[in-house]
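J.: got a predicted model here, sequence first, then my questions.
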Amino acid sequence: MLHLKVKNIIKSKGISATKNRVSVLKAFLQSNKAITLSDIRLLIKNIDRVTLFRILHTFEEKKIIHKIVLSNGAVLYALCNDDCRSNQEGGHVDDHIHFLCNKCDEVSCLDIPNFPTISVPNFSFSNLNINASGICASCNELN
């Protein structure tokens, strides 16, 4: 079932479902959270670094995943939701918050109603990223 879902997602974006692309997308769907490059490489053993970067780049272009850059410089990747769209420069519009849990270190994409907009005279914004930190719902349940 998962294999069919993966192939359908990839083909719906107009790209071929190669073995490596299928493996990378399966890793994202199985983890169901934002993951680092190291996480991806651990989940997919037999893929070289260049091929992986090309797949991630293609998936970003096709709005399958988006890149999250945290304030500490860490880079993670997460699946896009169904309403992912492009800004004027072709980049992602992330109308959600990237939340880093201070306890378990997991990063979550949190959709919020009425995502803020910013207007500054003589400036044109194409994207707004909001990173937040605190304690996630799972860690709060443990207390």
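T.: Structure's in. What do you need? None of these values were measured; they are calculated from a predicted model.
J.: list the contacts for the closest residue to S23 other than its chain neighbours?
T.: Ranked by CB to CB, 6 or more residues apart in numbering and with sequence neighbours excluded, the top spatial neighbour of S23 is I44, at 4.9 Å. All C-beta atoms are positioned from the backbone trio N, CA, C, and that covers glycine. Going by CB atoms under 8 Å, 6 or more residues apart in numbering, I44 touches N20, S23, V24, A27, L52.
J.: how near is I44 to K67?
T.: 18 Å (CB to CB, to the nearest Å).
J.: cool, and G14?
T.: 21 Å.
J.: try N81
T.: For N81, the distance to K67 - CB to CB - is 15 Å.
J.: who's in contact with F115?
T.: Contacts of F115 by CB under 8 Å, 6+ apart are D95, H96, L128.
J.: the more surrounded of N81 and K67?
T.: K67 (16 against 13; other CB atoms under 10 Å).
J.: how close does that one get to L110?
T.: 17 Å.
J.: also L25?
T.: 22 Å.
J.: just want the most central residue of this structure.
T.: A78 (1.9 Å; CA atoms, centre = their mean).
J.: in three-state terms, label that residue for me.
T.: strand (DSSP: H, G, I helix; E, B strand; the rest coil).
J.: I68 is in contact with that one, correct?
T.: Yes - look at A78 against I68 with CB atoms under 8 Å: they come within range, at 6.0 Å.
J.: mutual contacts of these two, please.
T.: A34, V107, C109.
J.: can you map out the helices along this structure?
T.: 2-12, 19-31, 37-43, 49-61, 137-142 (DSSP state H).
J.: any idea how far the first one is from the chain center?
T.: Centre-to-centre, helix 2-12 and its host chain are 17 Å apart (CA atoms, centre = their mean, to the nearest Å).
J.: now do the buried residues in stretch 108-126.
T.: S108, C109 (16 or more other CB atoms under 10 Å).
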